[in-house]
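**Student:** sequence first, then the predicted structure, then my questions.
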2 protein chains.
Amino acid sequence: MLLRMSSLFLRTLRDDPADAEVPSHKLLVRAGYVRRVAPGIYSWLPLGMKVLKNVEGVIRDEMNKMGGQEVLFPALLPREYYEATGRWTEYGDTLFRLQDRKGADYLLGPTHEELFADMVKGEYSSYKDYPVTLYQIQTKYRDEARPRAGILRGREFLMKDSYSFDLDDDGLKRSYEQHREAYIKTFDRLGINYKIVFATSGAMGGSASEEFLAPTPTGEDTFVACHSCGYAANAEAVTTPAPAARPIGEAAALQVLDTPGTPTIETLVDHLTTVHGIRVTAADTLKNVVVKIVTPGSDKVETLVVGVPGDREVDFKRLEAALAPGEPAIFEAEDFAKHPGLVRGYIGPQVLKDLGIRYLVDPRVVTGTAWVTGANEPGKHAVNVVAGRDFTPDGTIEAAEVRAGDACPRCGSDLTIDRGIEIGHIFQLGRKYADAAGLDALGPDGKPIRITMGSYGIGVSRAVAVIAEQAHDELGLVWPREVAPADVHIVGTGKENQVEVALQLAEELTAKGLRVLVDDRPSVSPGVKFKDAELLGMPTIVVIGRGLSSGVVELRDRASGVKEEIPLSEAADRVLAACS
Amino acid sequence: MLLRMSSLFLRTLRDDPADAEVPSHKLLVRAGYVRRVAPGIYSWLPLGMKVLKNVEGVIRDEMNKMGGQEVLFPALLPREYYEATGRWTEYGDTLFRLQDRKGADYLLGPTHEELFADMVKGEYSSYKDYPVTLYQIQTKYRDEARPRAGILRGREFLMKDSYSFDLDDDGLKRSYEQHREAYIKTFDRLGINYKIVFATSGAMGGSASEEFLAPTPTGEDTFVACHSCGYAANAEAVTTPAPAARPIGEAAALQVLDTPGTPTIETLVDHLTTVHGIRVTAADTLKNVVVKIVTPGSDKVETLVVGVPGDREVDFKRLEAALAPGEPAIFEAEDFAKHPGLVRGYIGPQVLKDLGIRYLVDPRVVTGTAWVTGANEPGKHAVNVVAGRDFTPDGTIEAAEVRAGDACPRCGSDLTIDRGIEIGHIFQLGRKYADAAGLDALGPDGKPIRITMGSYGIGVSRAVAVIAEQAHDELGLVWPREVAPADVHIVGTGKENQVEVALQLAEELTAKGLRVLVDDRPSVSPGVKFKDAELLGMPTIVVIGRGLSSGVVELRDRASGVKEEIPLSEAADRVLAACS
């Protein structure tokens, strides 16, 4: 492959695009790899296409090696498949919906569990047919509320999604492990720095699940890591170690106190200390947050109270994950008006059972713990409110914020908190979609066996952005060789025969199998050519410039910046060695 | 590449699918290459994916060789691009339209002229930048009124579309010729039998245009060919040679006759001969057909009368092509009620000028020709109605049906009529889209030069169907080698070590670079294996069966059906030779 800058459809930009905040977005636009068409919708220019195809090629190769079979589903899908699993409504505004000329409902596929389950059902019938793993590399659509960061979170994006079909849980675990291994190989080849973290399932339903996260300061996902035992999880999946329950007998009696003017935890703690002489901290208080839960596709609205220690906020993303597919919403003034038993600012769990309101608590609220909390009267709080005696929660919920320094659920050491971008997700789905499709295999005894599925995704276009996000410096992009648009960028600059020699070297290297980009532009200054070479980010750069008169050219390594003068006669061999 | 039937995600069907009419549809479904998801919307199974990727690869290769640069546009596009060129409305019901969560209008791209023009405008500014040719291989959407024949006319389909950008008409002609050559090479490599025919432009606007049509009896497109001079054109593009005009002086005077009960041409000719003793044929009558024309995006409805010789029908597709982007519709009884001057069944052109109705005639209706036509009174016709004397048309229109035996517009020989499927279209668009986008290059004199575009398409998924349509026999598919999912299909059958030997040979051939499909299914009868091998259509088949005990295997050529017994020891070399 030989690309000539003189005819390449490429114009680099001097300035960052106005709407770009993260490095990958700035650089991919400046270097002419992608262009914006609409919010979250991008076009790929020739160099960008090459990176995208290289990334796609690595993913396909590793999927084939693990025994995956490639298929291709449409993006335009009839409503009925997603109706059957409830996702037509569950997806809410994130789903692009449309009608055809006959008024039939369609959607643009955000993911394809339903279709894969249906396809396997159509082809396979016997237990002898299983297991099977199918995958596709296909364009997906999600109407993100906040498309951002260029191709990092797009509304139209390229994804590899695969699905495993097994007869039993052990088979599913094996398929899951095979995918895990394939993903490790894939991301290693792509040169991405990543961490594998425990994940919740989001709207997918099911059990074991891990995410591959690329740590970057601009990442949208928060994840928690323990540097002592290696535990890592996204914020939604972190579990809180529960302390041991205590005997209730020891606890002092509940006491209601006048606490006027204490709408916040801080004012309450201050009031108790200074007025009542009761020494407590925010961690000793029990904050009760009311939410309403809407379940998509249903008219029912449930009221729920969540109790967390007063020194922590409720993390809405954790709350959402814990309640999915239910969607929590803020309990507004008008909602309070309909529930006079809930005294805003002074809610305590003591009355919730009588009010018929469900109450879920942070795992730290174990039987026998005593709390300062609302007394369900304006201006009054209660102390020594004991779990198991004065109230009994309906269960626990992981909704409190996770903080750096919290105890690792595995080893108890301090957790750290970092940001990352999700690049892959592997997921033991279980039988949800097989149930919806009625996907059974006929067993050896003639009885049906319900198939169990795994679902595994890699964001292909997103991976391009993640690589750019991790592999760049202040001068521009620094592509890992396997995904770079070309192995070598030959810059010919000068008024003698430099461009001619550059083209000769380019031809020679192309003939030897290298992918070559040569800057043969006739009327572009050396400074611009050098800057473009740094910005575009091929891993190896050869400069054929002034030194040519003394038979010398320059060989640069883009990543390290190391430059070396070498004789032109050795250039081809040296470049080949550098690119191998 | 080594595919094992024992694990391949493939189930062949014994029976044709109920909804299939054409061979490619029947065979691609029966052989497990594609599956229907919704009307005109299909999934690709593993073998189908391989053919699709092979076809895509050939097209990409030839596009790259001609200097095309690959880019990729989104399918989900904001309305404004298509609003600017009027196609948001012109496309009518064929466009899939939708709204995002904010209520903004989007469409699923049916073709991408607007986006390409806009992209080039964004990157290029100087005349030195041109010419450039960009292409993409991308999923397109058209809400066809009658999706049919499986992937032959789908609503979601894969297309290669390319666009050339030139400074002047000569440049455009060169780009057009380059594409023409590249398409010839592409379709030759794909093993498609095709004809290049003159085409009209449809809704695209512009000038020179040719279609690549694959002749098949089931084709939707009619084309006309002259075996004497090689002229070929689709029915819409055929032009009618006009006879020479005649002096008006010679013609007899117009005469109105009572012709009761003659609503059809046949009854009229019969009545004139038997009652009035006037010997005419249907070809001497002038049939006047009223249509109304709706222009998409406009409320205006125009009434038009089309005059054709009475022995020919109006061909609605030709009429549509001639009037595009206007859309002709049938003139209904209620329309007649609003136009009392138009006497249904007895319309003659004599009164149209006074009625203010536009009148277009077949090119055969030249000045001085005399016609039998309506007298604009119920039950009356006029004879000796002379063009240029008794009426003056507003112009000519190519709307009359074309018939086998009509004169070739180039050499006058007899034309033949055949059916075909459009597989490619090349088109000198001109400046329509550059005008809409304001796409100019700054010329050497500092003045802007409006860019001229060409547009070139190949139906990638359709090509798979067309190959299947042309390359099959009563037993199944017969893939040309370059697009076949595998080079060789090795069938191992028997209760001894045949399957083992088949797998060994498969490994050996795979190591030598062949793409191999091996039937290693343990409990499938020889008959079923042979039938599947014929149905699936790999070009070379090796049967390792009963002969193995005497060291002999069978080598079959799928296309010719020729079978040969060869020693196992020579099998690898013989297969390699057959596949080269």
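**Tutor:** Received it, and whenever you're ready, just let me know what you need.
**Student:** and stretch A:293-310, is it in reach of chain B?
**Tutor:** No: Stretch A:293-310 does not reach chain B (Cβ under 8 Å from any Cβ of the partner chain); its nearest approach is 14.4 Å. C-beta coordinates here come from the backbone N, C-alpha and C atoms, glycine included.
**Student:** closest to the centroid, which residue in chain A?
**Tutor:** A:E422 (2.6 Å; Cα atoms, centre = their mean).
**Student:** and the residue of chain A found nearest chain B, what does it touch?
**Tutor:** Relative to chain B, the nearest point of chain A is A:L98 (3.7 Å; Cβ to the nearest Cβ). Listed by Cβ atoms under 8 Å, 6 or more residues apart in numbering or on different chains, the contact set of A:L98 reads A:105-108, B:96-98, B:108.
**Student:** give me the element the nearest residue to it once chain neighbours are set aside is part of.
**Tutor:** Residue nearest to A:L98 in three dimensions, not counting chain neighbours: B:L98, with 3.7 Å by Cβ to Cβ, 6 or more residues apart in numbering or on different chains. Assigned by DSSP states H and E, B:L98 belongs to strand B:96-99.
**Student:** how about A:V290?
**Tutor:** Using DSSP H and E, A:V290 maps to strand A:286-294.
**Student:** so which elements touch that strand?
**Tutor:** Helices and strands touching strand A:286-294, by 3 or more Cβ pairs under 8 Å, 6 or more residues apart in numbering or on different chains; DSSP states H and E, are strand A:301-309, strand A:327-330, helix A:333-338, strand A:370-377.
**Student:** ok, now with 6 Å
**Tutor:** Contacts defined by 3 or more Cβ pairs under 6 Å, 6 or more residues apart in numbering or on different chains; DSSP states H and E place strand A:286-294 against strand A:301-309, strand A:327-330.
**Student:** by mean pLDDT, show me the worst of those strands.
**Tutor:** Sorting these by mean pLDDT places strand A:327-330 lowest, at a mean of 90.
**Student:** now that strand - C-alpha only, CSV.
**Tutor:** What follows is strand A:327-330, C-alpha atoms only, in CSV (Å, rounded to 0.1, in the frame of the first residue of the first chain):
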residue,chain,number,x,y,z
GLU,A,327,-36.0,3.9,36.6
PRO,A,328,-35.7,6.0,39.7
ALA,A,329,-36.9,9.6,39.6
ILE,A,330,-36.8,12.5,42.0
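**Student:** who's in contact with that strand?
**Tutor:** By Cβ atoms under 6 Å, 6 or more residues apart in numbering or on different chains, the surrounding residues in contact with strand A:327-330 are A:291-294, A:319.
**Student:** buried set for it?
**Tutor:** Buried residues in strand A:327-330, counted by 16 or more other Cβ atoms under 10 Å in any protein chain shown: A:327-328.
**Student:** mind listing what it pairs with, with the direction of each?
**Tutor:** Strand A:327-330 pairs in its sheet with strand A:286-294 (antiparallel), by DSSP bridges.
**Student:** how about the CA coordinates for the strand it pairs with, as PDB?
**Tutor:** The C-alpha trace of strand A:286-294 is given here as PDB (Å, rounded to 0.1, in the frame of the first residue of the first chain):
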ATOM      1  CA  LEU A 286     -29.300   7.700  58.800                       C
ATOM      2  CA  LYS A 287     -30.400   9.800  55.800                       C
ATOM      3  CA  ASN A 288     -33.600   8.700  54.100                       C
ATOM      4  CA  VAL A 289     -34.000   9.600  50.500                       C
ATOM      5  CA  VAL A 290     -37.400   9.100  48.800                       C
ATOM      6  CA  VAL A 291     -37.500   8.200  45.100                       C
ATOM      7  CA  LYS A 292     -40.300   7.100  42.800                       C
ATOM      8  CA  ILE A 293     -39.700   4.200  40.500                       C
ATOM      9  CA  VAL A 294     -41.100   4.000  37.000                       C
END
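**Student:** got the residues of chain A near chain B?
**Tutor:** Applying Cβ under 6 Å from any Cβ of the partner chain, one finds that chain A approaches chain B through A:9, A:11, A:37-38, A:41, A:43-46, A:49, A:69-74, A:76, A:78, A:93, A:96, A:98, A:100-101, A:123, A:132, A:143, A:156.
**Student:** from those residues, which land in strands?
**Tutor:** A:37-38, A:41, A:43-44, A:69-70, A:76, A:78, A:98, A:132, A:156 (DSSP state E).
**Student:** contacts only, for A:C411.
**Tutor:** Residues in contact with A:C411 (Cβ under 6 Å, 6+ apart) are A:228-229.
**Student:** how does it look with 7 Å?
**Tutor:** A:226, A:228-229 (Cβ atoms under 7 Å, 6 or more residues apart in numbering or on different chains).
**Student:** looking at neighbours, which among those is most surrounded?
**Tutor:** Highest neighbour count within the contacts of A:C411: A:C226, with 20 neighbours (other Cβ atoms under 10 Å in any protein chain shown).
**Student:** confidence score at that one?
**Tutor:** Listed pLDDT for A:C226 reads 92.
**Student:** on that earlier part again, could you give the angle of the strand holding A:V290 to strand A:370-377?
**Tutor:** 60 degrees (axes from the mean of the first three to the mean of the last three Cα atoms, to 10 degrees).
**Student:** which residues touch strand A:286-294?
**Tutor:** Residues from elsewhere that reach strand A:286-294 (Cβ under 7 Å, 6+ apart): A:265, A:301-310, A:314, A:323, A:326-331, A:335, A:342, A:347-349, A:365, A:371-374, A:385.
**Student:** next: stretch A:2-11.
**Tutor:** A:32, A:45-47, A:486, A:506-507, A:510, A:516-522, B:69, B:123, B:132, B:134.
**Student:** 8 Å instead?
**Tutor:** Contact partners of stretch A:2-11, identified using Cβ under 8 Å, 6+ apart, comprise A:32, A:45-47, A:485-486, A:503, A:506-507, A:510, A:516-522, A:532, B:67, B:69, B:71, B:123-124, B:132, B:134.
**Student:** can I get stretch A:570-580 in CSV, CA atoms only?
**Tutor:** Extracted C-alpha coordinates of stretch A:570-580, given in CSV (Å, rounded to 0.1, in the frame of the first residue of the first chain):
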residue,chain,number,x,y,z
GLU,A,570,20.8,1.5,4.1
ALA,A,571,17.5,3.3,4.4
ALA,A,572,15.2,0.5,3.1
ASP,A,573,16.8,-2.2,5.3
ARG,A,574,16.8,0.0,8.3
VAL,A,575,13.1,1.0,7.9
LEU,A,576,12.2,-2.6,7.4
ALA,A,577,14.0,-3.6,10.6
ALA,A,578,12.3,-0.7,12.4
CYS,A,579,8.9,-1.8,11.2
SER,A,580,9.2,-5.5,12.0
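**Student:** tell me what the helix or strand containing A:E500 is packed against?
**Tutor:** Taking DSSP H and E as the criterion, A:E500 maps to helix A:498-511. Contacts defined by 3+ Cβ pairs under 8 Å, 6+ apart place helix A:498-511 against strand A:2-4, strand A:488-492, strand A:516-519, strand A:540-544, helix A:568-578.
**Student:** sounds good, over and out.
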